[in-house]
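>>> Have a look; sequence and predicted model below, questions after that.
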Amino acid sequence: QVQLAESGGGLVQAGGSRRLSCLVSGEPLNDYVMGWFRQAPGKEREFVASISRSGTFDEYEESVKGRFTISRDADKNTTYLQMNNLEPEDTGMYYCSAKKFMLVYATLRYGYDDWGQGTQVTVSS
């Protein structure tokens, strides 16, 4: 059973940056497609970004394209979400997700099996 632990959340001013980390334990990171989701108060959880097992392909929710970057480091068993030019609308609980997947170059917007506890990001205007 894989375990996911997010860190890096906090309070940041609009226009600032933040890097979230997701430490994967229990199984090798290389076996998993990784994703980030977020949930704002009163709203449903939404897809933010995904990265393939190979690390060579990624995809993003439209509103974060050009501002957020997802990456992964197999040596550290960690996935990252670099967030730049943050906006108040980015405020929410950010969750790391994982899915054991056969395809090496695939990204996923849904269908994840494993989730972390979340880390709160608050962007002040």
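Sure, I can see it.
>>> all contacts plus neighbour counts: C-alpha atoms, from now on.
Will do.
>>> show me what contacts P28?
Listed by C-alpha atoms under 8 Å, 6 or more residues apart in numbering, the contact set of P28 reads A74, N77.
>>> Could you rerun that using 7 Å?
N77 (C-alpha atoms under 7 Å, 6 or more residues apart in numbering).
>>> from what I can see V121 touches G10, true?
Yes. Contact criterion C-alpha atoms under 7 Å: V121 and G10 qualify, at 5.0 Å.
>>> higher neighbour count, the two?
It is V121, of V121 and G10, that has more neighbours when counted by other C-alpha atoms under 10 Å, with 22 against 13.
>>> Can you say which helix or strand has that one in it?
For V121, the host element (DSSP states H and E) is strand 119-124.
>>> Report the mean confidence score over that strand.
Averaging pLDDT along strand 119-124 yields 98.
>>> in its sheet, what does that strand sit against?
strand 10-13 (parallel), strand 92-100 (antiparallel) (DSSP bridges).
>>> what sits up against that strand?
Contacts of strand 119-124 (C-alpha under 7 Å, 6+ apart): 6-7, 9-14, 86-88, 90-95.
>>> Now the buried members of the residues you listed.
Neighbour-count burial (16 or more other C-alpha atoms under 10 Å) is assigned, among these, to 6-7, 9, 12, 14, 86-87, 90-95.
>>> Let's have those residues in TSV, adding distance to V24 and pLDDT.
Formatted as TSV, the buried ones among the contacts of strand 119-124 follow (distance: C-alpha to C-alpha, whole Å; pLDDT from 0 to 100):
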residue	distance to V24	pLDDT
E6	9	98
S7	12	98
G9	17	98
V12	25	98
A14	29	98
L86	25	98
E87	28	97
D90	24	98
T91	24	98
G92	22	98
M93	18	98
Y94	16	98
Y95	13	98
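>>> Adding distance to G66, write the residues you listed out as JSON lines.
Output for the buried ones among the contacts of strand 119-124, formatted as JSON lines (distance: C-alpha to C-alpha, whole Å):
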{"residue": "E6", "distance to G66": "22"}
{"residue": "S7", "distance to G66": "22"}
{"residue": "G9", "distance to G66": "20"}
{"residue": "V12", "distance to G66": "19"}
{"residue": "A14", "distance to G66": "16"}
{"residue": "L86", "distance to G66": "11"}
{"residue": "E87", "distance to G66": "13"}
{"residue": "D90", "distance to G66": "14"}
{"residue": "T91", "distance to G66": "17"}
{"residue": "G92", "distance to G66": "19"}
{"residue": "M93", "distance to G66": "21"}
{"residue": "Y94", "distance to G66": "18"}
{"residue": "Y95", "distance to G66": "20"}
